[in-house]
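Visitor: Take a look and give me a structure for this.
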Amino acid sequence: QVQLVESGGGLVQAGGSLRLSCAASGRTFRNYAMGWFRQAPGKEREFVAAVNLSGVLTYYAASVKGRFTISRDNAKNTVDLQMNNLKPEDTAVYYCAARGLSHSYYAGDYPYWGQGTQVTVSS
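Guide: Residues are numbered from 1 along each chain as shown. Below is the predicted model:
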């Protein structure tokens with residue numbers, strides 16, 4: 001089992017920045033690829049970003065590429081999502097997720113999830 005707790009959400013104006021953090025506990029963090037997903041009201045949960053076991057390889061949805069940066073610290077058991085130039089369409093609940101070995105773009109492939117943190121971007 002891996003337990004995940006997100007933090008860092010909030011209300012920000014369009015063009016602003018937020019940094020989300022996800023703290024992991026339980027099994028060995030470095031054995032899990034990590035992802036961030038988001039879900040807006042009335043919409044399906046969608047992929048935002050992922051990082052491989054070592055943190056060298058990162059993957060992004062087209063809608064956030066160039067604005068968001070995912071990173072992990074295996075010594076601290078954390079994965080962060082730096083979000084810059086935020087847009088109203090980024091408003092959603094953001095979830096941290098863990099998956100053994102390799103990343104995936106599909107939420108159903110991740111067995112471990114945090115409780116989510118709300119991000120609201122005002123226009």
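
Visitor: helix or strand right after the helix or strand where Gln82 lies?
Guide: Assigned by DSSP states H and E, Gln82 belongs to strand 78-83. From strand 78-83 onward toward the C-terminus, using DSSP H and E, the following helix or strand is strand 92-100.

Visitor: who are the neighbours in contact with the residue nearest the centre of the chain?
Guide: What sits nearest the mean C-alpha location of the chain, by C-alpha atoms, centre = their mean, is Trp36, with 2.3 Å. Trp36 makes contact with 20, 22, 48-50, 70, 79, 81, 94-97, according to C-beta atoms under 8 Å, 6 or more residues apart in numbering. C-beta here means a position set from N, CA and C on the backbone, and glycine is covered the same way.

Visitor: From Leu86, how far off is the closest residue in space to Ser122 that isn't next to it in sequence?
Guide: Nearest residue to Ser122, sequence neighbours excluded (C-beta to C-beta, 6 or more residues apart in numbering): Gln13, at 5.4 Å. Distance, Gln13 to Leu86, by C-beta to C-beta, to the nearest Å: 8 Å.

Visitor: what ranges do the helices span in the chain?
Guide: Shown for the chain, no helices are assigned by DSSP state H.
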